[in-house]
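*Asks:* I would like the atomic coordinates for the input below:
(chains A, B, C and D)
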Number of protein chains: 2
Amino acid sequence: MAMTTTIVAWESRNQQGGGGGGHGGGGERREHMFEKVVTPSDVGKLNRLVVPKHHAEKYFPLGPAARSSPAGTVLCFEDARGGDSTWRFRYSYWSSSQSYVITKGWSRFVRDKRLAAGDTVSFCRAGARLFIDCRRRAAAVSPSSPSGALIKVQLPVVDEKEASCGRRCLRLFGVDLQLRADAPPALDLQL
Amino acid sequence: MAMTTTIVAWESRNQQGGGGGGHGGGGERREHMFEKVVTPSDVGKLNRLVVPKHHAEKYFPLGPAARSSPAGTVLCFEDARGGDSTWRFRYSYWSSSQSYVITKGWSRFVRDKRLAAGDTVSFCRAGARLFIDCRRRAAAVSPSSPSGALIKVQLPVVDEKEASCGRRCLRLFGVDLQLRADAPPALDLQL
DNA sequence: TTTCCCACCTGCTAA
DNA sequence: TTTAGCAGGTGGGAA
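*Replies:* Next up is the predicted model:
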């Protein structure tokens, strides 16, 4: 499954959230670091977020020790929209793929935020405080959506007699089935 | 893949293997400890056997030191059917999953014994001597096989007209299907 | 390179 | 309903 990973980053020092937004304080300006449009893998069973290398090395640098250690380090983020939730992620470097990843803790974030492929997760900071936020992708979920590959399966005819009366047969998991007369002529399997 | 793990344990002091079976001696009675029906993971690429916690703590207790140490300890088993083979396994506790595992040496046992998922591995002892044995799963892959949980699914009638002509309908993965007239009245799903 | 081993991690599920 | 157990995984590294 191929999905383009889009990264958008600002170097601006724009204050986020307008005015005194967010939860009380610190007073320091909130600076956008970067965003990532998450891939299916980022929200899937791999339970990890790949942090693009140039952003990782700029904003979340690992010392030589942490870079070598599988344990990496722990990054704590506050919820950018306020609330009490904080998110603790293990952050480390995978030398095998030469990539920076957020692992432990990430799957909980995905679940709690109902994060889906195509959504955007954004990171910002105010001094030493780190914030994480996310937003939904633009709504449209059409059959031509790029988020899931579609395979059209023509249903095989396995029984001449039945076929002659217009019924399509299908052997599924060892069970012989017939499609209803008004069933579509093919199955669309979404991966 | 869901596979039922069946554990059978005896506390009896029955001598195993009948008479003076096994290889010469010791004289001590051979006591069954426990058995495990191995899972696909136990005989697969993970190269480890998960020892169910209650059996592990009863028969192969690890001292605090060995429990904390990643090195664990070494368990040596003799072949319960005699022969010269002895099996040295590393046995340790994985704190992350809170489980007891046999790791190093296990894959060799799996290979040499041609152990497959569903087979049973059994452990017994005679005094301080430990024995390991295994046996094939019951050959039959019949619907009543105990090696996989069976769920009998009565097919729902969803369409009166179709039902009246003797056809059973089933909605599967969002697709309306009809069973062939000669299909069984229920599905046995083997897990 | 490939295989095995190691120390982790997590979702599912039965109790 | 919550939770402990474990089956099924990961990347890293040693051999």
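*Asks:* the helices in chain A, which residues?
*Replies:* Here chain A has its helices, by DSSP state H, at A:53-59, A:64-68, A:106-112, A:160-164.
*Asks:* Please tabulate those helices in JSON lines, including the columns mean neighbour count.
*Replies:* Any C-beta I mention is one placed from the backbone N, CA and C, and that applies to glycine too. Listed next are those as JSON lines, based on neighbours: other CB atoms under 10 Å in any protein chain shown:
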{"stretch": "helix A:53-59", "mean neighbour count": "15"}
{"stretch": "helix A:64-68", "mean neighbour count": "12"}
{"stretch": "helix A:106-112", "mean neighbour count": "16"}
{"stretch": "helix A:160-164", "mean neighbour count": "11"}
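*Asks:* so which of the ones you listed comes closest to B:S99?
*Replies:* Closest of the helices of chain A to B:S99 is helix A:106-112, at 19.8 Å (criterion: CB to CB).
*Asks:* quick one on the thing from earlier: need the helices of chain A in JSON lines with mean pLDDT, can you?
*Replies:* Shown next, in JSON lines, are the helices of chain A (pLDDT from 0 to 100):
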{"stretch": "helix A:53-59", "mean pLDDT": "91"}
{"stretch": "helix A:64-68", "mean pLDDT": "80"}
{"stretch": "helix A:106-112", "mean pLDDT": "92"}
{"stretch": "helix A:160-164", "mean pLDDT": "37"}
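*Asks:* Looking at those helices, which is nearest to DNA strand C?
*Replies:* Proximity to DNA strand C (CB to the nearest atom of the strand) singles out helix A:106-112 among the helices of chain A, at 3.2 Å.
*Asks:* Please work out which residues outside the closest one touch it.
*Replies:* Contact with helix A:106-112 is made by A:42-43, A:47-49, A:85, A:87, A:89, A:115, A:132, as judged by CB atoms under 8 Å, 6 or more residues apart in numbering or on different chains.
*Asks:* Name the member of the residues you listed with the shortest distance to DNA strand C.
*Replies:* A:N47 (4.3 Å).
*Asks:* ok, that closest one - contacts?
*Replies:* A:103, A:106-107.
*Asks:* will you turn those into JSON lines that also has distance to B:D79?
*Replies:* Output for those, formatted as JSON lines (distance: CB to CB, whole Å):
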{"residue": "A:T103", "distance to B:D79": "42"}
{"residue": "A:W106", "distance to B:D79": "46"}
{"residue": "A:S107", "distance to B:D79": "43"}
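*Asks:* For DNA strand D, tell me which of the residues you listed show up nearby.
*Replies:* Subset of these in contact with DNA strand D: empty, counting by CB under 7 Å from any atom of the strand.
*Asks:* Relative to DNA strand C, how far out is A:A71?
*Replies:* 7 Å (CB to the nearest atom of the strand, to the nearest Å).
*Asks:* Now that residue: closest residue in space that isn't a chain neighbour?
*Replies:* Excluding the flanking residues, the one nearest A:A71 by CB to CB, 6 or more residues apart in numbering or on different chains is A:S92, at 6.8 Å.
*Asks:* for chain A, longest strand please?
*Replies:* strand A:86-94 (DSSP state E).
*Asks:* same for that one, what does it pack against?
*Replies:* helix A:64-68, strand A:73-79, strand A:99-102, helix A:106-112 (3 or more CB pairs under 8 Å, 6 or more residues apart in numbering or on different chains; DSSP states H and E).
*Asks:* give me the number of residues near the residue of chain A found nearest DNA strand D?
*Replies:* Residue of chain A nearest DNA strand D, by CB to the nearest atom of the strand: A:S96 (2.3 Å). Around A:S96 sit 6 other residues, with neighbours defined as other CB atoms under 10 Å in any protein chain shown.
*Asks:* follow-up on the earlier one: I'd like the helices and strands packed on strand A:86-94 written out as CSV, with distance to B:F123 added.
*Replies:* Below are these laid out as CSV (distance: least, CB to CB, whole Å):
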stretch, distance to B:F123
helix A:64-68, 40
strand A:73-79, 40
strand A:99-102, 40
helix A:106-112, 36
